[in-house]
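**Student:** dropping the sequence and predicted coords here.
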Amino acid sequence: MTDPVSRTILLLDIEKYSDRDDVEQTYLRRMLYDIADRALEAAGINEPQRRRADRGDAVMELIDANASVARLLRALLTEVPAQLRATNRMASSSAQIRLRAVLATGYVAIDGHGGWVGSDLNHACRLLDAELLREALRERSDDFVLCVSEPVHAGIVRHEYAGIPASDFHPVTVGSKNGPLPAWLHGPVPKGAATGSGTGGHGVEGGRPAPGGTGGRQAPASTEGGRAGDGSDGTAATAAPAGPAPGPQFFGGSQSFGGSLVMGDQTGVSGGWVGGDVVMGGSTGPATDAERGERS
């Protein structure tokens with residue numbers, strides 16, 4: 001297997017391909033290849049910069065990382081829809097071609113059999129096969145739907161490069177067997193997903209956790225003079241505003257806990273803060289007289 005290298009990943013898939021007979025499938029595959037070639041040519045990507053894998057009803061392109069992702073994205077937003085309109089205008093109803101597309105980036109290796117290997121590629125394929133993308137295409141009057149990965153959005157889309165309006169992309173989360181995959185859908189989000197009741201384990205992201213957070217945990221609530229819910233003051237405890245829990249804080253230097261040494265500044269532990277009483281490896285220091293009295 002080769003060492004993994006950075007690549008731009010382009011996937012294109014034909015809607016309802018298996019519903020067609022052999023003659024129609026042959027025609028659709030030819031159209032798919034023509035559309036992919038013209039999009040890459042419009043983006044200035046030549047043959048030495050790309051490698052293609054055939055998936056029957058889909059095509060996968062691995063593109064050199066030095067090729068412009070912004071130019072390719074512009075081509076997908078303009079050239080591909082134009083080619084689809086021109087093709088379908090002259091085609092019979094049984095030969096209409098509609099496409100789902102995913103644009104992603106990541107690391108890919110090639111194994112001894114010429115196959116492509118990499119978790120980033122797996123994620124891109126799962127986005128392409130997601131029910132959310134299928135629903136989006138079914139609900140649209142045009143013939144094309146595009147989804148980009150989180151890295152493509154962060155590196156390209158959100159910066160508002162010419163011809164790439166960031167407001168046209170919407171955050172979605174696609175369910176997969178390896179957990180939720182964040183992505184960005186171009187154009188309207190399917191109605192089911194927009195209301196939070198979409199099928200296939202997907203939905204619109206209503207908000208993102210702050211950097212360093214887990215997105216699924218909440219800080220323990222606390223009250224002045226006692227811990228929340230412990231009844232130490234004889235009354236029901238109420239939740240205090242979220243914030244760092246009381247407890248020891250260390251800034252700089254080296255700290256020793258029960259024989260173990262912690263070096264440098266400690267800025268976070270699994271979520272960004274440590275709350276409550278902390279005991280690591282035994283006693284944290286000589287006990288005071290008051291502490292000895294409480295323990296006896």
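**Tutor:** Sure thing, it's come through.

**Student:** output the below-cut-off pLDDT ranges for the stretch 101-250 of the chain.
**Tutor:** Residue ranges of the stretch 101-250 of the chain with pLDDT under 70: 192-250.

**Student:** now the strands for it?
**Tutor:** 116-117, 144-149, 169-174, 181-186, 203-204, 222-223, 226-227 (DSSP state E, counting those that start in this stretch).

**Student:** wait, which of those is closest to residue 83?
**Tutor:** Nearest of those to residue 83, taken as CB to CB: strand 144-149 at 9.3 Å. All C-beta spots, glycine's among them, are computed from the backbone N, C-alpha and C.

**Student:** residues making contact with the closest one?
**Tutor:** Here strand 144-149 makes contact (CB atoms under 8 Å, 6 or more residues apart in numbering) with 73, 76-77, 80-81, 84, 98-106, 123-124, 127-128, 130, 133, 136-137, 156-157, 169, 172, 183-187.

**Student:** any idea how far the residue lying closest to residue 158 once chain neighbours are set aside is from residue 73?
**Tutor:** Spatially, and ignoring its direct neighbours in sequence, residue 158 is nearest to residue 166 (5.3 Å; CB to CB, 6 or more residues apart in numbering). Distance, residue 166 to residue 73, using CB to CB, to the nearest Å: 11 Å.

**Student:** who touches both of these two?
**Tutor:** Contact criterion CB under 8 Å, 6+ apart; residues shared by residue 166 and residue 73: residue 157.

**Student:** so which of the two has more stuff around it?
**Tutor:** Neighbours per residue (other CB atoms under 10 Å) separate residue 166 from residue 73, with residue 73 holding more: 23 against 13.

**Student:** put the alpha carbons of the host helix or strand of that one into PDB.
**Tutor:** In this assignment (DSSP states H and E), residue 73 forms part of helix 69-90. C-alpha atoms of helix 69-90 as PDB (Å, rounded to 0.1, in the frame of the first residue of the first chain):
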ATOM      1  CA  VAL A  69     -10.600  23.500  -5.000                       C
ATOM      2  CA  ALA A  70     -12.300  26.800  -5.400                       C
ATOM      3  CA  ARG A  71     -12.200  26.600  -9.200                       C
ATOM      4  CA  LEU A  72     -13.600  23.000  -9.000                       C
ATOM      5  CA  LEU A  73     -16.400  24.100  -6.700                       C
ATOM      6  CA  ARG A  74     -17.300  27.000  -9.100                       C
ATOM      7  CA  ALA A  75     -17.500  24.500 -12.000                       C
ATOM      8  CA  LEU A  76     -19.700  22.200 -10.000                       C
ATOM      9  CA  LEU A  77     -22.100  25.100  -9.200                       C
ATOM     10  CA  THR A  78     -22.200  26.300 -12.800                       C
ATOM     11  CA  GLU A  79     -20.900  23.900 -15.400                       C
ATOM     12  CA  VAL A  80     -22.600  20.700 -14.200                       C
ATOM     13  CA  PRO A  81     -26.100  22.200 -13.900                       C
ATOM     14  CA  ALA A  82     -25.700  23.700 -17.400                       C
ATOM     15  CA  GLN A  83     -24.600  20.400 -18.900                       C
ATOM     16  CA  LEU A  84     -27.500  18.600 -17.200                       C
ATOM     17  CA  ARG A  85     -30.000  21.100 -18.600                       C
ATOM     18  CA  ALA A  86     -28.600  20.800 -22.100                       C
ATOM     19  CA  THR A  87     -28.500  17.000 -22.000                       C
ATOM     20  CA  ASN A  88     -32.000  16.500 -20.500                       C
ATOM     21  CA  ARG A  89     -33.500  19.000 -22.900                       C
ATOM     22  CA  MET A  90     -32.800  16.700 -25.800                       C
END
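
**Student:** give me the residues contacting it.
**Tutor:** Where contact means CB under 8 Å, 6+ apart, the residues beyond helix 69-90 that reach it are 8, 10, 31, 34-35, 38-40, 42-45, 63, 96-99, 101, 103, 105, 142-144, 146, 148, 152, 155-157, 161-164, 186.

**Student:** which of those residues count as buried?
**Tutor:** Buried members of the contacts of helix 69-90, counted by 16 or more other CB atoms under 10 Å: 8, 10, 31, 35, 39-40, 42-43, 45, 63, 96-99, 101, 103, 105, 143-144, 146, 148, 152, 156-157, 161, 164, 186.
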